[in-house]
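Trainee: Below are the sequence and a predicted model for it; my questions follow.
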Amino acid sequence: MRGRILALATITLMLIATQGTVANPGGNGDSNRDFVCGGSCHGDPSLSAPSSATISITSGNTAFTGTAYQLDTTIEIDLISHSRILGVFLLSSTDGNGDNPEDHGWNIIQDPSGTSVNYVEVIVPTNGVIS
């Protein structure tokens, strides 16, 4: 009987300990990340699906070397998870090597959160539009 209780307690402890590592339903927070980070979860076909989201990116017509350049992004989402968290990357390639914008001489001056990282998480409002 003691062996059964010990085995049941061990299995229960293992299941509880692994549940937190399956996903990050509360998000990971803003930071500098690479494509491998996003691709490991969101690029895996068994963990993701095509999205009905519409992404619009606009910018000025003129860019000058060595000066700031602003990109404005609007994302419209019909269906979102119950947590309403959306993570957005700014990457300079999708091959996992040298994909951080700084690897190509870009500097993020300010992101929507007021910091300068290439990955930000936002809470999607009820109208489903993030700008």
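Mentor: Thanks, I have the structure now. If you're wondering where the values come from, they're calculated on a predicted model, not measured in any experiment. Numbering: from 1, shown residues only.
Trainee: phi, psi of F89?
Mentor: F89 adopts backbone torsions of phi -100, psi 150, taken as degrees, to the nearest 10.
Trainee: can you give me the strands in the protein?
Mentor: Remark: strands assigned in the chain by DSSP state E are 54-59, 71-76, 85-89, 119-123, 129-130.
Trainee: Residue ranges in this protein under the pLDDT threshold?
Mentor: 1, 3-4, 6-26, 36-49, 96 (pLDDT under 70).
Trainee: could you redo the last one with a cut-off of 90?
Mentor: For the chain, the stretches with pLDDT under 90 are 1-53, 55, 57, 59-73, 75, 77-115, 117-131.
Trainee: Any idea which residue is closest to the centre of it?
Mentor: G87 (3.2 Å; C-alpha atoms, centre = their mean).
Trainee: That one: what's its closest spatial neighbour, skipping adjacent residues?
Mentor: Excluding the flanking residues, the one nearest G87 by C-beta to C-beta, 6 or more residues apart in numbering is E121, at 4.8 Å. All C-beta atoms are positioned from the backbone trio N, CA, C, and that covers glycine.
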